[in-house]
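A.B. asks: Next come a sequence and a model predicted from it.
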Amino acid sequence: MEAGTGAARQVIRPEIVLRDLKAEPRGWLSWLTTTDHKKIGILYLFATFLFFVLGGVEALIMRLQLAQPNNTLVNPETYNGLVTVHGTTMIFLFIVPVLAGFGNYLVPLMVGARDMAFPRLNALSFWLLLFGGVVFYCSLFFTPPEAGWTMYPPLSDDSFSANGGVDAWIVMIHLTGLSSMLGAINFVATIHNMRAPGMSWGRMPLFIWTILVYSYLLIVALPAIAAAVTMLLTDRHFGTAFFDPTGGGDPLLWQHLFWFFGHPEVYIMVLPAFGMISEILPVFARKPIFGYRAIAASTVAIAFLGLLVWAHHMFATPTATVVLAFFMLSSFTIAVPTGIKIFNWIATLWKGHIVFKTPLYFAAALPGLFVIGGISGVILAIFPVDWQLHDTYFVVAHLHYVLFGGSVFGIFAGLYYWFPKMSGRMMSESLGKLSFWLMFIGFNVTFLVQHSAGLSGMPRRIYDYDESLGVTAYNLISTIGAFILALGVLITLVNVVHSLRNGKRAGNDPWHGNTLEWYTSSPPPPNNFDAIPRVRSVEPMKDIRREVLAHSRPAETVAQPTAPRSL
Amino acid sequence: MLAALAAALLALLVAAPSALADTFTPESGGSPNADAIDTLYKITLYVAIVIFLIVEGTLIWSLVRYRARRRGDDAAQIRGNTPLEVGWTVAAALILVVLTVVTFIYLDDIQNPPESGPSGLNASQVNFASIDQPAPPSGRPYLKIGVNGQQYLWRYDYPGKRKLFSYHTMVVPVDTTVVLRITASDVIHSWWIPKLGGKQDGVPGHINETWFKIPPDKAGTTFRGQCAELCGSGHADMRAAVRAVTPEEYQAWADKQATDIENAEQALSEQRKRREGEVIP
């Protein structure tokens, strides 16, 4: 902090002179033309939550259809379409891009930069995503794809899926893939080059670590699916036979290419959520994160190992035992760095002074739910056991504990935590806690019994089941849970809309955060920081608050970090 | 909440009568490999429950015990503890080593077909057994059945001198090791009868193998399953069944089925000849 009088400061920094100051653009046109990372971040969040709602509605229709046997709410074709569109939406149009949205908003603020490295490229990333989603959803008005989000050929080939839905899916994969690729390059360039003075690798916030690893994983994994969908496109329309056994191709080639992308994609979806709660837990426990280096290192380890486990999705295919054993062991090893993270989060809460605000609820639920997904993941990694459980509701339960219990609870924690920074307003705590409990209970009611449905022999992706299978009660419970969960999500959305107008003023640093985004005003000005502070530890805001405290006599006036100007 | 869930889960597990056991474990009872998978799953589940309780317990205890009660900042400023962190890393790795060893112990029972039992299909009925399969030491043959998934039914091709196949329901003799050679002729399907062991995908252009051996006391039982890989709009209705019968009943069924097929084919070819006779002047 600069000390001295106002007059002295004018002498020190005479270069800060504003010439040709344009008024900040307003109105809807400013959103279309913006290259400001914060506005782009908000566009991302708005669009992806819209897709989240659409994907959620699709899930509710499926749950209604399955509420009882011999239900006729939707026909099999529609059901397969719902399965496909729900999975595709949640993965490609919600979780991956919503994390890009948080990254866009937060990365420059947290590293102390004034924007992303390539602001126009950043805008392109968003618009590619949006149009990818629009193209995909347009297929609903014609014929949506019905081959599942994994789009296995030959079912997705032109002989068995002649309609254009699969083509819309392919175009969507290309557009969102390009969007993610450009976004990832942008994050890498920003994080490598634009960190605040003093922010060495060992002082980088853990969320930034996870966004960096997320970006590298996208760069490594995306080319595989881009190649695969291009081959599928030429198989469908230009007479090639990459995946067609009657022409010398092999359907298993698709599965290898798809999962070489698809499994890193799981870590792409969950690591930034881990990063979010690694920021949130220490703030509300009033403690430093336990084992910063171990968490950062385990993020890198998970990413590396995550590239070596793809064929555990293919244990039931004709594959040599030695290959199955390799992928079992590589999948096992991932449990170690993941376990380290969970232990570190719990140790962060241990002996803390835990302040129970809504972000803490969601953040503390994540390890509790993710550990269930992690344990069922280890069980599924044992390939002989997977032969029983593969493609059943046990897997559906597992992946939702990982992606909803892990990613989405992390995303909601992040939403409640950073909403005051983005909007300048606090969200309602009572609505937030109500939403949390409904989501937490609804989620467990929906998905816990699905383990049992799978163990009883219920395969995935079936529109109907037989009474004699003995899964009728499980399915009814699951459907009821889904509506409780949906109500919880709805209350958060209401909370957002309500708080945008009526929330209490947040101030710069309502949570007593650790990282640089809390240094600037809420919402931050277009240039983020007038002066970028020097970073001396992994918790720069703690240092700044301490400094402010040391320079000010009354201890009550804590932590309004832009205050030093008037001291 | 988590504690309540965990407690409820544990209570159910402890109190679970055998009828409830399938709520928490895979289906089994029709074949030794399904039983071995069930045992392997249970061992893993017990390890998992211990880990689950430790993790959820410490998490909930930390949240309750260290909630902020009064004003002031009395949080312990701990940044890490190397021995503790090395400790839990090693512990996690050790648990996985144990699971690996247990898996490989059970793998042989799950993967490799045993020889047929004494009350199974015997050598005098060998005309129905595979001829390309080297005989196991006992001389009791495997019954090798081809399984072909098609939208939306299963076709089974039985070995033997006479042409023998069936759809939907596979008929097999008890106490006989049945080796399945699974493929598909249009899209990918997945063969799965839960009580008879794990599923294997039928992939066009590939042959996948699995086996089962139904105990003698299960004669007369029909085991049901369904396709486990999304294969199109009829996927949910693509059911499969395996009917276990005594070797004598199997023989009788095979004879009758083969005769029926021959009669049907003869009738078909006569019909074709008649039709061709009408077309050709």
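C.D. replies: Nice, I can see it. Numbering: from 1, shown residues only, chains lettered A, B, ... in the order given.

A.B. asks: which ones are touching the closest residue to chain A within the stretch 101-250 of chain B?
C.D. replies: Closest residue of the stretch 101-250 of chain B to chain A, CB to the nearest CB: B:Gly198 (2.2 Å). Any C-beta I mention is one placed from the backbone N, CA and C, and that applies to glycine too. For B:Gly198, the contact set (CB atoms under 8 Å, 6 or more residues apart in numbering or on different chains) comprises A:316, A:384, A:386-388, A:390, B:33-34, B:37, B:110, B:192, B:210.

A.B. asks: can we see that at 7 Å?
C.D. replies: By CB atoms under 7 Å, 6 or more residues apart in numbering or on different chains, the contact set of B:Gly198 is A:384, A:387-388, B:37, B:210.

A.B. asks: Pipe these into CSV and attach secondary structure per row.
C.D. replies: Shown next, in CSV, are the contacts of B:Gly198 (DSSP: H, G, I helix; E, B strand; the rest coil):
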residue, secondary structure
A:Pro384, helix
A:Trp387, helix
A:Gln388, helix
B:Ile37, helix
B:Thr210, strand
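
A.B. asks: how about the residue of the stretch 101-250 of chain B closest to chain A, secondary structure?
C.D. replies: Going by three-state DSSP: B:Gly198 is coil.

A.B. asks: what's the spacing between the residue in chain A positioned nearest to chain B and B:Arg224?
C.D. replies: In chain A, the residue that lies nearest chain B is A:Trp387 (2.2 Å; CB to the nearest CB). A:Trp387 is 18 Å from B:Arg224, where distance means CB to CB, to the nearest Å.

A.B. asks: so where do the helices sit in the stretch 451-567 of chain A?
C.D. replies: Remark: helices assigned in the stretch 451-567 of chain A by DSSP state H, counting those that start in this stretch are A:472-502, A:540-551.

A.B. asks: got CSV for those, with mean pLDDT and mean neighbour count too?
C.D. replies: Below are those laid out as CSV (pLDDT from 0 to 100; neighbours: other CB atoms under 10 Å in any protein chain shown):
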stretch, mean pLDDT, mean neighbour count
helix A:472-502, 97, 18
helix A:540-551, 90, 17
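
A.B. asks: Need these in CSV (columns: distance to chain B).
C.D. replies: Conversion of the helices of the stretch 451-567 of chain A to CSV gives the following (distance: least, CB to the nearest CB, whole Å):
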stretch, distance to chain B
helix A:472-502, 9
helix A:540-551, 10
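
A.B. asks: B:Asp22: which of those is closest?
C.D. replies: Taking CB to CB, helix A:472-502 is the member of these nearest to B:Asp22, at 11.6 Å.

A.B. asks: what packs against that closest one?
C.D. replies: Helix A:472-502 sits against helix A:37-66, helix A:429-455, with contacts defined as 3 or more CB pairs under 7 Å, 6 or more residues apart in numbering or on different chains; DSSP states H and E.

A.B. asks: and the angle from that helix to helix A:429-455?
C.D. replies: If you take axes from the mean of the first three to the mean of the last three CA atoms, to 10 degrees, helix A:472-502 sits at 160 degrees to helix A:429-455.

A.B. asks: one step back: higher neighbour count, A:Trp387 and B:Arg224?
C.D. replies: With neighbours defined as other CB atoms under 10 Å in any protein chain shown, A:Trp387 and B:Arg224 compare such that A:Trp387 has more, 23 against 16.

A.B. asks: contacting residues around the closest residue in space to B:Gly232 that isn't next to it in sequence?
C.D. replies: Leaving aside its chain neighbours, B:Gly232 sits nearest to B:Gln151 (5.3 Å; criterion: CB to CB, 6 or more residues apart in numbering or on different chains). Residues near B:Gln151 by CB under 7 Å, 6+ apart: B:186-187, B:231-232, B:234.

A.B. asks: Mind giving me the PyMOL select for these, buried ones only?
C.D. replies: For the buried members of those, the matching PyMOL selection, counting by 16 or more other CB atoms under 10 Å in any protein chain shown, is:
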select buried, chain B and resi 186+187+231+232
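
A.B. asks: For the contacts of B:Gln151, give me a markdown table that also has pLDDT and secondary structure.
C.D. replies: As requested, the contacts of B:Gln151 are exported to a markdown table (pLDDT from 0 to 100; DSSP: H, G, I helix; E, B strand; the rest coil):
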| residue | pLDDT | secondary structure |
| --- | --- | --- |
| B:Asp186 | 94 | coil |
| B:Val187 | 96 | coil |
| B:Cys231 | 96 | coil |
| B:Gly232 | 95 | coil |
| B:Gly234 | 95 | coil |
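
A.B. asks: which one among the contacts of B:Gln151 gets closest to A:Pro145?
C.D. replies: B:Gly232 (12.3 Å).

A.B. asks: quick one: contacts for that closest one?
C.D. replies: Counting by CB under 7 Å, 6+ apart, B:Gly232 has contacts A:155, A:160, B:151-152, B:187.

A.B. asks: repeat for A:Met458
C.D. replies: A:392-393, A:465, A:469, A:471.

A.B. asks: Over to B:Lys218?
C.D. replies: Here B:Lys218 is in contact with B:30, B:174, B:244 (CB under 7 Å, 6+ apart).

A.B. asks: Of the residues you listed - the most surrounded one?
C.D. replies: Neighbour count (other CB under 10 Å) singles out B:Ala244 as the most crowded of the contacts of B:Lys218, with 28 neighbours.

A.B. asks: for whatever helix or strand it lives in, what is the average pLDDT?
C.D. replies: Following DSSP states H and E, one finds B:Ala244 within strand B:239-245. For strand B:239-245, mean pLDDT rounds to 96.

A.B. asks: Return the distance of it from the chain's centre.
C.D. replies: For strand B:239-245, the separation from the chain centroid amounts to 13 Å (computed by CA atoms, centre = their mean, to the nearest Å).

A.B. asks: Could you do stretch A:37-47 as well?
C.D. replies: Here stretch A:37-47 shows a centroid-to-chain-centroid distance of 14 Å under the convention CA atoms, centre = their mean.

A.B. asks: can you list contacts of it?
C.D. replies: Contacts of stretch A:37-47 (CB under 7 Å, 6+ apart): A:31, A:34, A:97-98, A:100-101, A:104-105, A:108, A:115-116, A:119, A:122-123, A:126, A:130, A:422, A:523-524.

A.B. asks: In the chain, what residue spans correspond to strands?
C.D. replies: Reading this off chain A. Read by DSSP state E, chain A holds no strands at all.

A.B. asks: not what I meant, chain B
C.D. replies: Using DSSP E, strands in chain B cover B:143-150, B:153-157, B:165-167, B:169-173, B:177-184, B:189-191, B:200-202, B:208-213, B:222-226, B:239-245.

A.B. asks: Dump those into a markdown table; add distance to chain A as well.
C.D. replies: Output for the strands of chain B, formatted as a markdown table (distance: least, CB to the nearest CB, whole Å):
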| stretch | distance to chain A |
| --- | --- |
| strand B:143-150 | 12 |
| strand B:153-157 | 14 |
| strand B:165-167 | 19 |
| strand B:169-173 | 15 |
| strand B:177-184 | 8 |
| strand B:189-191 | 6 |
| strand B:200-202 | 5 |
| strand B:208-213 | 4 |
| strand B:222-226 | 6 |
| strand B:239-245 | 8 |
